[in-house]
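Q: how would this look folded up:
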Amino acid sequence: MEFNELIQVRRSVRKYSTEKKVTKEQIEEILKAAQLAPTWANSQTGRYYCAVTEEEIKRIGEIGLPEFNLNNAKGAALIVTTFVKGIAGFREGNPANELGDEWGAYDLGLQNAYLVLKAADIGLDTLIMGIRNSDALREAFSISEDEEIAAVIAVGYRDQEPAFRPRKELDEIAKII
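A: Numbering: from 1, shown residues only. Prediction:
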């Protein structure tokens, strides 16, 4: 799919098919695309914890998501995204600027953008969910305390056609001089 078409068709989907299942191989393919995103000094601090089997999706969803997000993600695989703290945005253990660990979140955001675009490219849909139970997810996946949990991404086959939501005018978000 051409890039301009890809960014036009990608949507946040809140209803997934319960008949068509995402495979481990598809998850691996979109994670490999995420790895290609640029990161601070090529630090590659993004980490992914994936529930693909029906049993694990159910378990992780029930402990890690509030009811409304659990309903939104029904039928989808789940990917918990994290970044390793204290690396991106640091030089010799000290923050390189006022953003510090926010660079890890920035890099993870770039990686997650690649992930959702690759998912769309191979016919899958996604929903990035920031409201989640970090403590339960940390325990379920044995996520180290040196990682910051950022989001849970639902990945599946859409069972709805979400409308395109309007964007702000360019002059509201940009100043070009």
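Q: buried set for the helix of greatest length in the chain?
A: Criterion DSSP state H: the longest helix present in the chain is helix 102-121. Of all the residues in helix 102-121, those buried under the rule 16 or more other C-beta atoms under 10 Å are 103-109, 111-112, 114-121. Quick note: C-beta positions are derived from backbone N, CA and C, even for glycine.
Q: look at residue 98 and give its secondary structure.
A: coil (DSSP: H, G, I helix; E, B strand; the rest coil).
Q: burial count for it?
A: Neighbour count of residue 98, defined by other C-beta atoms under 10 Å: 7.
Q: next one: it, what pLDDT does it get?
A: What the model reports as pLDDT for residue 98 is 91.
Q: any idea how far residue 89 is from it?
A: Separation of residue 98 from residue 89 (C-beta to C-beta, to the nearest Å) stands at 10 Å.
Q: do the same with residue 102
A: For residue 102, the distance to residue 89 - C-beta to C-beta - is 7 Å.
Q: and if you look at residue 110?
A: Counting by C-beta to C-beta, the gap from residue 110 to residue 89 is 13 Å.
Q: skipping adjacent residues, who's closest to residue 83 in space?
A: Among residues not flanking residue 83 along the chain, residue 104 sits closest, at 3.9 Å (C-beta to C-beta, 6 or more residues apart in numbering).
Q: which elements pack onto the longest strand that the chain contains?
A: Secondary structure of the chain read by DSSP state E shows that its longest strand is strand 147-156. For strand 147-156, the contact count by 3 or more C-beta pairs under 8 Å, 6 or more residues apart in numbering; DSSP states H and E identifies helix 24-34, strand 77-84, helix 102-121, strand 125-129, helix 134-141 as packing neighbours.
Q: and the angle for that strand with strand 77-84?
A: For strand 147-156 against strand 77-84, the angle by axes from the mean of the first three to the mean of the last three C-alpha atoms, to 10 degrees is 160 degrees.
Q: any idea how far strand 147-156 is from the chain center?
A: On the basis of C-alpha atoms, centre = their mean, to the nearest Å, strand 147-156 sits 5 Å off its chain's mean C-alpha point.
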